[in-house]
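Participant: Just need the structure, nothing else, for what follows:
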Amino acid sequence: MQKGLSLGITPTAAAELGRQAAFAGSPGAMHIDLLEDTCSEGWLHIRLQPGQNNGVPVARADGITLYAPVEQLGLLQGLKLNYYGDLSGGGFLISPPQGSECCACGAGFRPLEVEKEKLIENA
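Facilitator: I've put the predicted structure just below:
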């Protein structure tokens, strides 16, 4: 696991990640990465896929290991992944890292410019 990275997974998120990984044929392994929003500049949204996808392990909880691209570790620092479910469906929600604002959909965030510039410089 990546030393010093703080990415949280709630128990409900871990259970759903485990279910999706097993269904896709890669039990215990899921991959998270960030995509730039094509509609709004500066917003990043999470994408979750089964497997390792050439990532490094960044979090482990309840039998699931979450992998991410090395180049995105700075942006993922402090992110917390949660899952909600109800009769009409469900979805993953994030608590954004410090110095970021959350998107109204709950699955994206926008780093404040000062923080984003620091992360890009350190990458």
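
Participant: Can you tell me the closest non-neighbouring residue to residue 108?
Facilitator: The shortest distance from residue 108 to any residue other than its chain neighbours is 3.9 Å, reached at residue 45 (Cβ to Cβ, 6 or more residues apart in numbering). From N, CA and C alone the C-beta is placed, and that goes for glycine too.

Participant: The one you found and residue 37 touch, don't they?
Facilitator: Yes. Here residue 45 reaches residue 37: they are 5.6 Å apart, a contact under Cβ atoms under 8 Å.

Participant: Spit out the residues that contact those two alike.
Facilitator: 103, 108 (Cβ atoms under 8 Å, 6 or more residues apart in numbering).

Participant: These two - which one has more neighbours?
Facilitator: Counted by other Cβ atoms under 10 Å, residue 45 and residue 37 do not tie: residue 45 has more neighbours, with 18 against 15.

Participant: As a check, name the ranges of all strands in this protein.
Facilitator: 8-9, 29-36, 44-50, 56-61, 64-68, 80-86, 89-95, 100-102, 108-111 (DSSP state E).

Participant: looking at the ones you listed, which is buried most?
Facilitator: The highest average neighbour count among those, using mean count of other Cβ atoms under 10 Å, belongs to strand 64-68 at a mean of 23.

Participant: I'd like the strands of the chain laid out as TSV, including mean pLDDT and distance to residue 17.
Facilitator: Output for the strands of the chain, formatted as TSV (pLDDT from 0 to 100; distance: least, Cβ to Cβ, whole Å):
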stretch	mean pLDDT	distance to residue 17
strand 8-9	92	7
strand 29-36	92	5
strand 44-50	91	7
strand 56-61	93	8
strand 64-68	95	5
strand 80-86	91	8
strand 89-95	87	9
strand 100-102	80	20
strand 108-111	81	18
